[in-house]
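# Okay, structure incoming, though there's no sequence with it:
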């Protein structure tokens, strides 16, 4: 067996996780034909089918399940290595997974800002990796917070 590329494995892992070529393409910012081409090449490399289609749904074959588990191990190992390198450089780095509830809109931005080590006076947490709805909500909250500050500044000086 030839060795698959990391790109092929990333594409495969996203499809296997979502069980959707379309969602994987969206997540990876690729076109669906590009995703299909990567999987076709990977399937040729493995010489076994990785997915089976039943109706409009796709499912992992046995080989697909084994490859998905291997992909998770590979990407977890790479992530651990990146964190190790960052620690050796004196940087503290890692992945933060945050589930947001409705009341979190009041404390999450300040909590993220406090733990970011930023010297800025206003919390401005990074928004990548969040759903578009959550990002829009944070943007609205930031704008509303900014408008309240501006109104109170004008009232204090007027």
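Received it, and whenever you're ready, just let me know what you need. Note that the structure is predicted; figures quoted are calculated from it, not measured.

# Give me the phi and psi angles of residue 60.
phi -80, psi 140 (degrees, to the nearest 10).

# Just list whatever residues bridge to it.
Bridge pairing for residue 60 (DSSP bridges) gives the partners residue 51.

# What separation is there between it and residue 89?
From residue 60 across to residue 89, the span is 38 Å (CB to CB, to the nearest Å). No exception for glycine: its C-beta is placed from N, CA and C like everyone else's.

# neighbour count winner among those two?
Between residue 60 and residue 89, counted using other CB atoms under 10 Å, residue 60 has the larger neighbour count: 18 against 9.

# For residue 53, give me its contacts.
Residues in contact with residue 53 (CB atoms under 8 Å, 6 or more residues apart in numbering) are residue 59.

# Residue 38 too?
7, 8, 11, 12.

# Same question for residue 11.
24, 28, 30, 35, 38, 39, 42 are the contacts of residue 11 under CB under 8 Å, 6+ apart.

# Touching, the first one and residue 18? I think so.
Yes - applying CB atoms under 8 Å as the test, residue 24 and residue 18 come out as touching, 5.4 Å apart.
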